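>>> Quick one: sequence plus predicted model below, questions after.
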Amino acid sequence: MAANLEEIRGALEAIVGRANLSGDAPDMIPYIKDSYSTMMGREVPLPDFVVMPKTAEEVQEIVKLANQHLFPIYPRSFGVNIAGSALPYAGGVVLDLKRMDRIIEINEDTMTATIEPGVTWGRLRKEANKKGLDVIPIGGPYQTSPVGNHLLTNITLYSSKYHCDRAVTLKAVLPNGEILRTGSWASAVGGEVNPYFRYAYGPDMTGMFRGSLGNYGIIVEMVERLRPVAPVEKNVFFGFEELAPCLKAMQAVERLEFSRTCQASNSSMTAHLILSPHRIKDPEQRQKLLARLPNYQITLGLGGTEEMVALFERVANEKIAEYGGKPFCLEPEEMAILNQVAEGASRGIMHMYAPCSGFAAVIGCLPITHVAEINGIVKQIVGKYDLRDPLSGEPLDHQLIVLPYDRCSTVYVEQEILYDPALDQAQLLPVMQCLRDCYAQIVGKYGASHTIPNKTLMKNMLPSYVELLTGFKKMVDPNNIMMPGGPYSLD
Amino acid sequence: MPEAVPQTHELYEEIRAVVGAEHVTVEEFARRAYTRAPFYAVGGGGRGKIPGIVVRPGTTEEVAAVVKLANRTKTPIVPKGGGGSVSTFPPLYVGDQSNILVDTHRLNRILDIDTTYMTVTAQSGVILSQLAEEVSKHGFHTYTVDVPIHMDTVGGVLSGFLGGGEPSDMATSGTMNNYLLGLKVVLPTGDIVQTGGGPGTNIHQPRFLHREAGSSDMTGMFVGDGGSFGIKTEATFSIHPYPKVFMLGITDMGSRENMWDAFRELAATDPYPYTRLLGFHQQDGPWYFVHVIRAHTPEEGELKKNILEKICHKHGGQPATVGREILQIANMFSARRLGQQALPMGSTMTYFGEALIPMPQSLEYLDDINALLDETVGDLDIYKRIDFVVPYLRATTITGILLYFGKGTTRDEASQRLHEKALGGMERLFTEKYGGWTETHQGTSLAHSASVWAPSYKNFMRTIKKALDPNDIMMPGLWRI
Amino acid sequence: MEATNLALVKENVTKCMGCGICRGVWERKDVAMCPVWATGVGFEDSSPRGRVTVAQDILDSHISYSSPLADSVFRCTDCGCCATTCDAMDPNTLEPIVNVPQIVRAMRMDLVENSLVPPLVRDYMKAVHINGNPYKQPQDARGNWAKGSEVPLYSGQEYLFYVGDVGSYDERGQKMARSVAKLLMTGGVSLGILGSEEYSDGNDTMVMGESGLFQYLAEANIAAFKKHSIKKIISLDPHSYNAFANHYDQWGAGFQIQHYSEVLAELLSTGRLSPGRLGIKATYHDPCYLGRHNEIYEAPRKVLGAVPGLKLVEMPRMRKSAFCCGGGGGNFFTDLIGGGECSPNRVRIREALDTGAEVVAVACPLCAKMLEDALKAESLDDRIAVKDISEILLDSFA
Amino acid sequence: MLADYRDTIYHCLKCGACRHAYEVYEPICPSGMKYGFDSHYAIGRISLARAVLNQEVPIDAELMRRIYTCTSCGACDEQCHEAVGVDPLQVIEELKWEAVESGMIPPEVRDYLKHMNVHGNPYLLPQEERGAWASVAGVPQFDGQEYLFYVGDVGSYDERGQKIAAAVAAKLMGCGLELGVLGAREMSDGNEVNRVGERGLFEYLAKANIEQFDELGVTKIITLSPHAYHAFRNDYPQWGGRYEVMHYTQALAQALEQGKLTAGEARDQRVAFHDPCFLGRHNAEYDAPRLVLEAVEGLELVEMERNRNNALCCGGGGGNFFTDLLGAGPLSPSRVRVREAVEAGAQVIATACPKCFNMLDEAIKAENLEDSLTVRDIAQIA
């Protein structure tokens, strides 16, 4: 690329304007590191340019240019980059899409929002609320982008109630620069008035882009399903002493199919959700709270008319009691935070990363029956490496959060091993080893899958499936310009 | 006039070696029997192409072997399930007279029902009602298409219906695709691929619990593909605890305005007080709602019923006093069987303009297709026409006219006129005004859909098709790309 | 090639919507299933819908009758399930209007007339034609089953006990004929048999399209009945019952016909038979020619219900939805469907086993034989037994 | 030393919370909003700080150009502090200091500091003219009055600033407050100097001011500018300068409470108050200005979407008022801000800081909103 760098710069400038392109190191450094790369100690080269397009047409032009000059492209939607998914592993162009931040439509009738990648859950929620609607977040923080989240995964903290076709249709710039609209949006002319059905026109192409991490193209617009706000919406909280009955209760309740949202966590996680980063640093406050918290907790989101919510609550109480769970209550302020967390996309969710902000997440999507076991395994491995809580210096109690998928048939499990990110590489070694051990034992034995395609994990996939994934990649991106080189690439 | 059709097939011997003599035939009468689908004449003109050979493989591996043979000679393949498609079956249009019709009838085993992970894995030739029955024995239910549950196979519905078909509870459940966890597919090259679940789950446990857990959702690509991306041989679905309470009701909503106001309010109510909702009326008659409520407890059912009734009542709804005819119409939409609404002798039933329409435009669309109907086939002997509108989740509706031709209109006549006049009008409506597409069913919808595809979409499909099917043997020409 | 008989039922053919429901309903609650389709032999042409399609193609002269087609056509068991499941209904009666068995019979008649019947069918016809029975046994031996029993030859008794081919010649049938006769007589029914004067009822020749032979047999039987001034007949075999009740009238039959299960039910209800206690669990398999074709569902059940201690459990597919044993439509003799794991009788015996019954009760000698064969093929002899309802009743006396 | 902030730097999660205001969910970082690249947001600046710390990149003028567009408005702190507990502004300002130390600063910043060094003010005007506005306005020189009315650079030299200073003084005096100004004796408060990292000059100015205040017997100070208020209140005590410091809006609110302020009339005007960062976010004073405005008869106080702790900076902080590194354009914060005021339905955007006034007034012109929106200082409204 170096040979014709100036030519490319000129062309890119002509597309996005001088102000929205930079090839200066200070502008590009922020795009080559995130928590993941830091912990893994992986060096990611500087890209050649950071480019901020404003329109789909500009994105198209850039992609065409990339094919012409064969440079890689790494798009990022709003750029909440924690796990190394959008780093420019092979240089080239970082496409920062945060200028594409239009909420094109919030349709009250179809209860959908048409958004660009730079729109965040928070903003979408705010605008939706104005029309009596709400978002159905995937579970990321409020400042993440629905488009970006869908590129990662479709897993949600929301129960089966809302899992249908959340990403309805989308408009993507393919690696060849053409625009592809999926679902009923694919109609040449009429599609513009009806992007509200996911499955028109044969194969479900919306699904192809979900979880693709940008490998198959750049989503420039997406129709996201919203939900109406029920007359009464309420979260109820139950505490358990043991994990196994807690998970059993969660499964039993989820099978009744009335909860709007559901999640389980251990007290270590709950404390982090509740306490702001500063308060949790105070050992006294933390201990006090932990003493009041049940060891494990289930949060259920209920919604409906007053009578309905009352009924659901009663049934939930009865069901949970069968497994020894009890409702619990904390101070109003604390409950307020937990309530926000239960609704997703809140600041409380950010608290779980704080204040250490070094977290080695053991993430898996697996049957709920394995959760207690792998929780024990993580605990044991953490003990083996004698990891310490960076706040208190006490032996580390890892954080556990369990989010059911579709009535608990499987769950999304996240276990956070907190560490102090200011430690140097040598000091981080035990944490790294611990994480590797966890993965080796859990992925291998339980078939736990990450939520994102990862080269290591792809080794565990059926070769025929990998072939389909990579074959599809070759087909739509023959020059391999999208996302090459990283752990998530499909080249 | 008798059509000259070949009586032998160049791959007969080899296919016979794969599946055994009793599972392959080149008999003309047997081949012709596969060109029949419900209301066959109405959808698009006659019975169409006759396959050159019919094969009933018994295993995925046999399917793969047949597909590989077909690749060698570049012979078109048409997979077929139960043949319950109501708007003609795609093989009528695709391929040529050497077509290998792969009948999945023998792939009819339910392989696994797992109540812990709540999944069922079945071969693609399993009839949906069989699936439902077996699953219900374990206290669970599946979201399978309702009409015609007794004829359609898992593979046929997943391939032929947009979104893999609409379960009876479509108003709240979405399509079957939402409950599909993974597929085993014989690709057009003869390679076998297992989708779903992604990393780990494929190898370490025989369950496909997350479609997107490992990467892109490669499962969805095969849903609604009309069979052109491969032959499905196994599918895994999630199953659901059976809601014990089932309540059905009919409400007389009076005027169209009343119906629509209530319809909109119902669609915006959270949680849904119903699992199925249907608005319909006949000629100048009142609009009726048919609803189904499902719940896990009687109280939950009662509460939902109260909410639903309150909303209907608020907009002028009255408990309906309905005769047999209305019940029959209501049944037509909820019937688990296709034509159970008692056809008059010699009449022919079809859907006219059934389409997915954004909710706000549903009634406008209804007016448009009624006008189109008047204009194009209105002078034929029409015995009955029923307008209907059904919600799909909260965004779109399935709106259309249920049309019965009387004795004075023969099938051929109806077919010809629909084909010549009405279809064009419909295409215009969708390209110019409504987007989306007519019909959720396989057959005409797939055969015509490419006509309104955006060029880039067409390109994309062509690219995928070319890469997956270099010899273009699987349902060639289905999308006219 | 002539399709005269098919042309007569043309309206029936054109009424078909092609929905395919006639093939059967897997959900085993309301409607039955085509045994041929369930077996998986043949292709779409061997399903009821396929048969109509083929008929349409013949009528439209797209194809002609042929030997392979004959194999397909003769594979139908005439069980009538398709005619009960058909979705094309008369709006006034809500009854199905497409009658596939009728279409199949017309095609078979055409095939017979065009000399295109499969060899096994031809053998059957030939045997009946020459020997008067498909077993190629002498006519004199027809009454042999009754030898050693007290069953008298007919001589003016109130009833003729008509036994038919299977009851007369088949070992299993004979056993059943004896137990039925014994019970009837115990109940004080005055009856006699025709013995060597009995002729084949012709039911299966009729459903196999040999209408000439059928007429010949019917007339021969009628003549024999008239000769003996027979007014009331009890039939052993539902197939005979079907022929007598529905077809003999055209030749001026004029007698009253009952199936033995009806008579037994009456004897039990009037106290003329008092069964003993029998602590078993039994399920009842409806024969197609008794059930679907003639709507006799209650009588056999009443018989079983009258046995103290007997617990009747039903199979999911019963009465109108009962699943054919595979022996109807001539297939008992021609065996065009063949064996195998999915053969109808084996499917049926497994279904019976699933109910937890120790005994599957039958009321037709063909069904008895078919299911017993299945029992052996499935090696279920020690888990479930096939018994005629009369045999069960007799057991209770012992 | 940047190294002192290693923990803070390493604790950045790169979550981007610093870019948007929580609960408002709108862009909140003035420089990021303008430039877009992450390097102009806290998230990127922390990355740069880390790279500098690890000696992966040198501090140079190009790098510092990304740092100096920071207006020290504190919005990133506000977001990040609550979300993950990091205070990025400290790191950013530490970088600025390191840059000044090593001389690797953009020319615009260098010029500003040079002017401050040479002239004592960024306007390159003589010290004698500092009090000129006061004699015109009839504000007495400080001579032992209860309050010192400290005006600062903008109020002293800038045309609009002078008008505001006069109005504020008049209003305060109207409330019966005894005050005096330092006039030609007044020295820069040094807050902006501090914000661009010239800690030595700031210390010099602070000490000089403290010396003079003490010499003159100043005990109570009312400041015109929130910037001066911030420096006096939070920074001066470290050198022994402890005074009772009020921002003039606080003084007016106090007067209102005591019944000394008779607020004027506004002819049915809808007014939006623009929180100055150094009054609001940095010193948590959100209520005093609103109390004063609400007391005005016929005035309807409307709020812009981004208000109080989520207020959007006008772009004039952190030295940018003088260096103008942020530059103009439709996405410059001041222009975004006036558009927001119009969206909120305001006819007047009320300020309590002469810098904000200037920035917004210019923005109204640039946006051609003169007919629908005017900027007025609180003292001009009340």
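All right, it came through fine.

>>> wait, isn't B:P76 in contact with B:V102?
No: counting by C-beta atoms under 8 Å, B:P76 does not reach B:V102; the two are 10.9 Å apart. Yep, even glycine has a C-beta here, placed from its N, CA and C like the rest.

>>> Looking at these two, which is more packed in?
The neighbour count for B:P76 versus B:V102, taken as other C-beta atoms under 10 Å in any protein chain shown, is higher for B:V102 (31 against 24).

>>> residues contacting the more buried one?
Neighbouring residues of B:V102 by C-beta atoms under 8 Å, 6 or more residues apart in numbering or on different chains: B:V55, B:R56, B:P57, B:V63, B:V66, B:I77, B:V78, B:P79, B:K80, B:I231.

>>> you'd agree it is in a strand?
Yes: with DSSP: H, G, I helix; E, B strand; the rest coil as the criterion, B:V102 is assigned to a strand.

>>> count of neighbours near the residue of chain D at minimum distance from chain A?
For chain D and chain A, the shortest gap (C-beta to the nearest C-beta) falls at D:G85, measuring 2.5 Å. When neighbours are defined as other C-beta under 10 Å, D:G85 has 23 of them.

>>> and what of the one 5 residues further on?
Using other C-beta under 10 Å, the number of residues around D:Q90 comes to 14.

>>> Can you tell me the SS state at it?
helix.

>>> wait, what's in contact with it?
D:Y5, D:T8, D:D77.

>>> which phi and psi does the residue in the stretch 51-200 of chain B that chain C sits nearest to have?
Closest residue of the stretch 51-200 of chain B to chain C, C-beta to the nearest C-beta: B:Q130 (3.3 Å). Main-chain dihedrals, B:Q130, degrees, to the nearest 10: phi -70, psi -40.

>>> Does it touch B:I110 like I think?
Yes: B:Q130 is within contact range of B:I110, at 7.3 Å (criterion: C-beta under 8 Å).

>>> Neighbour count: the two, which is higher?
B:Q130 (24 against 16).

>>> how near is the more buried one to chain A?
22 Å (C-beta to the nearest C-beta, to the nearest Å).

>>> and the gap between that residue and C:E351?
To C:E351, B:Q130 is 14 Å away according to C-beta to C-beta, to the nearest Å.

>>> Over to B:P391?
40 Å.

>>> Between those two, which has more neighbouring residues?
The residue with more neighbours, out of B:P391 and C:E351, is B:P391; 25 against 18, by other C-beta under 10 Å.

>>> correct me, but the more buried one touches B:A262?
No: taking C-beta under 8 Å as the definition, B:P391 is not a contact partner of B:A262, at 11.6 Å.

>>> buried stuff in the helix ranked longest in chain D?
If you go by DSSP state H, chain D has its longest helix at helix D:199-216. Residues of helix D:199-216 classed as buried: D:R199, D:L201, D:F202, D:E203, D:L205, D:A206, D:N209, D:I210, D:Q212, D:F213 (neighbour count, 16 or more other C-beta atoms under 10 Å in any protein chain shown).

>>> tell me which of these is nearest to chain C?
Nearest member of the buried residues of helix D:199-216 to chain C, counting by C-beta to the nearest C-beta, is D:R199, at 83.2 Å.

>>> Domain-wise, how is the chain divided?
Picked chain A for this. A:2-96, A:103-228, A:232-446 (automatic domain parsing).

>>> ah, I was thinking of chain C
Split into domains by automatic domain parsing, chain C comes to C:4-117, C:121-265, C:274-397.
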